[in-house]
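Asks: Here is a sequence together with a model predicted from it:
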Amino acid sequence: MKIGYIYDLQIFPPKGGNHTHALEVSENLTKLGHEIFVVNDPTNPVAVKSFDPKADNWVDEFLTSIDVLMLRVDARFISKMAHFMDVYKHGLSVPLFLEINSPSYEAMAYSWLGGRNLWLGVVKENPLKKLKRWLHQKRVERDTAAEESFRKTLAESVAGAICVSSGMGGYASSLGIKNVKVIPNGGPLVTDEFISNVKSDENNEQFTLLFAGSSVYPWQGLDILADTIRLASSKKLPIHFRLIINGPLDGMPELDNVSVRQKIPREEVLTEIANADACIALIHQWHWCPDGFYLSPIKIFEYLSMGAPVITSNHSQMKELLVNEKSAFLVENDPAEILDVIMKIKDDRQLLKTVGENGQALVRTKLNWPNVAAETDQFLKQVLAQKA
């Protein structure tokens, strides 16, 4: 099948989860025999062609080259994506599939989590600050109303939607899309040989807990982590927090139980994951969002792929996909409880090994990028067969 793929990014080398997703989907669909055609992304290593939107008649040539069109949908306004809108206004001559990662009102996360230093921890705010956050949310709702209306209009032309979470599956249905498939993000298929080669033989005196992620996005849970680090320090617990951070460090706790690396290559991140005793990903519940927390955190799948035991928040997709003390350790977002769990498991090497192996097996059998592509392939063919 010849698949047109519009994502409005330049994905290689990948700089974040959105780049990784588009790159992995492109590469793995290609491995299944599909041909990928993109717009304005000469960096895509597997694309048959990247169409130049400045060229004459590019839309005609693009549409005549493909059998179906996939559009990445995230917080960016589709109605302002010039390349897709050129195609849409020209008239869709092929079936359109949406790849839904988030609604347009993702900025509400900034309403409630933004505007503060995450390293200061979960701070108690006065009523005036809460009022300002509520007003910011209302502005977001106002600003996104026209975009959400456009998405409902666009949904009338959509053959099907692939969604990264059950929350986004519900969102797609609310837009009026009838054919909806939930396919979570995945992790890389990392070989035992690679893990063995990068894993150090040194035994750490302290239990090493690793976080890898960005300090730019407020939903990364760094405020909860910062409070956990401070509490562990005050209690003099034998836990070392290893942080791999992409973003600013202003205000980060300068304590003896923390070490930091910044902006390192992806292979080095995987090496750090392999050498940690466990990895952590703490994520806020999005009480303000009608879809709840709807993201599909790629970092968790990467942790799992390396065989690392994972400590993560007990809600949303994490709770749907993982089982406590079987494939991960699920916790409430409370620093004291998180530390209780760490102290309980840190010396139980057999439990850590079992949970790490079970989580890795989950990625190797289901939650991996080749499987994401295979499920995408199956869904596209199923919907097209229904329409034939």
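Replies: Nice, thanks for sending it over. Numbers count the residues shown, from 1 in each chain.
Asks: my guess is Val73 meets Leu96, correct?
Replies: No - assessed by C-beta atoms under 8 Å, Val73 is found out of contact with Leu96, at 11.0 Å. Where C-beta positions appear, they are placed from N, C-alpha and C, glycine not excepted.
Asks: More neighbours: these two, which one.
Replies: Val73 (26 against 21; other C-beta atoms under 10 Å).
Asks: Quickly list what the residue nearest to that one when sequence neighbours are not counted is bridged to.
Replies: Among residues not flanking Val73 along the chain, Ile100 sits closest, at 4.6 Å (C-beta to C-beta, 6 or more residues apart in numbering). Bridge pairing for Ile100 (DSSP bridges) gives the partners Val73, Cys163.
Asks: OK, contacts around Ile100?
Replies: Val73, Ala161, Ile162, Cys163, Val164, Met168, Tyr171, Ala172 (C-beta atoms under 8 Å, 6 or more residues apart in numbering).
Asks: Greatest separation within the residues you listed: which pair is it?
Replies: Within the contacts of Ile100, Ile162 and Tyr171 form the most distant pair, 12.5 Å apart (C-beta to C-beta).
Asks: separation between the residue nearest to Val73 and Gly356?
Replies: For Ile100, the distance to Gly356 equals 31 Å [C-beta to C-beta, to the nearest Å].
Asks: cool, Asp334 as well?
Replies: Here Asp334 is placed at a distance of 24 Å from Gly356 (C-beta to C-beta).
Asks: Between those two, which is the more surrounded one?
Replies: Per other C-beta under 10 Å, whichever of Asp334 and Gly356 has more neighbours is Gly356, with 22 against 14.
Asks: where's that one, which helix or strand?
Replies: helix 349-365 (DSSP states H and E).
Asks: Would you mark the buried spots in that helix?
Replies: Leu352, Val355, Gly356, Asn358, Gly359, Gln360, Leu362, Val363, Arg364 (16 or more other C-beta atoms under 10 Å).
Asks: Go ahead and confirm the first one touches Asp277.
Replies: Yes - the pair Leu352 / Asp277 is scored as a contact, 6.8 Å apart, by C-beta under 8 Å.
Asks: shared neighbours of the two, anything?
Replies: Shared contacts of Leu352 and Asp277 (C-beta under 8 Å, 6+ apart): Pro309, Lys346.
Asks: Tell me who's in contact with Leu330.
Replies: Thr312, Ser313, Asn314, Met318, Lys319, Leu322, Asn324.
Asks: Please apply the same query to Cys163.
Replies: Applying C-beta under 8 Å, 6+ apart, we find Cys163 in contact with Ile100, Gly169, Tyr171, Ala172, Val180, Lys181, Val182, Ile183.
Asks: Against Asp347, how distant is it?
Replies: To Asp347, Cys163 is 41 Å away according to C-beta to C-beta.
Asks: cool, and Phe241?
Replies: Distance of Phe241 to Asp347, computed by C-beta to C-beta: 18 Å.
Asks: who's more crowded, these two?
Replies: With neighbours defined as other C-beta under 10 Å, Phe241 and Asp347 compare such that Phe241 has more, 23 against 10.
Asks: Just say helix, strand or coil for that one.
Replies: Counting by DSSP: H, G, I helix; E, B strand; the rest coil, the backbone at Phe241 sits in strand.
Asks: Can you tell me how far it is from Lys199?
Replies: Distance of Phe241 to Lys199, given as C-beta to C-beta: 20 Å.
Asks: can you check Val180 too?
Replies: Distance from Val180 to Lys199, by C-beta to C-beta: 41 Å.
Asks: So which of these two has more stuff around it?
Replies: Neighbour comparison, Val180 and Lys199: the larger count goes to Val180, with 20 against 13 (by other C-beta under 10 Å).
Asks: got the phi/psi numbers for that one?
Replies: Note on Val180: backbone dihedrals following degrees, to the nearest 10 are phi -130, psi 130.
Asks: How about Glu156?
Replies: Main-chain dihedrals, Glu156, degrees, to the nearest 10: phi -70, psi -20.
Asks: Dump the C-alpha coordinates for stretch 63-70 into PDB.
Replies: Written as PDB, here are the backbone C-alpha positions of stretch 63-70 (Å, rounded to 0.1, in the frame of the first residue of the first chain):
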ATOM      1  CA  LEU A  63      -2.600  12.500  -4.000                       C
ATOM      2  CA  THR A  64      -2.000  10.500  -7.200                       C
ATOM      3  CA  SER A  65       1.000   8.800  -5.600                       C
ATOM      4  CA  ILE A  66      -0.900   7.400  -2.600                       C
ATOM      5  CA  ASP A  67      -3.700   5.000  -1.800                       C
ATOM      6  CA  VAL A  68      -4.500   6.400   1.700                       C
ATOM      7  CA  LEU A  69      -3.500   9.400   3.800                       C
ATOM      8  CA  MET A  70      -2.600   9.300   7.500                       C
END
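Asks: what stretches of the stretch 101-250 of the chain score poorly on pLDDT?
Replies: Within the stretch 101-250 of the chain, the set of residues satisfying pLDDT under 70 comprises 204.
Asks: can you map out the helices along it?
Replies: 108-113, 127-155, 166-175, 192-198, 222-234 (DSSP state H, counting those that start in this stretch).
Asks: got JSON lines for the ones you listed, with mean neighbour count too?
Replies: Putting the helices of the stretch 101-250 of the chain into JSON lines (neighbours: other C-beta atoms under 10 Å) gives the following:
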{"stretch": "helix 108-113", "mean neighbour count": "20"}
{"stretch": "helix 127-155", "mean neighbour count": "14"}
{"stretch": "helix 166-175", "mean neighbour count": "20"}
{"stretch": "helix 192-198", "mean neighbour count": "13"}
{"stretch": "helix 222-234", "mean neighbour count": "21"}
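Asks: Identify whichever of those helices lies nearest to Asn18.
Replies: Nearest of the helices of the stretch 101-250 of the chain (C-beta to C-beta): helix 166-175, 14.2 Å.
Asks: ok and the closest one relative to helix 127-155, angle-wise?
Replies: 60 degrees (axes from the mean of the first three to the mean of the last three C-alpha atoms, to 10 degrees).
Asks: same for helix 166-175, what does it pack against?
Replies: Packing contacts for helix 166-175, counted by 3 or more C-beta pairs under 8 Å, 6 or more residues apart in numbering; DSSP states H and E, involve strand 96-100, helix 127-155, strand 158-163, strand 180-182, helix 316-321.
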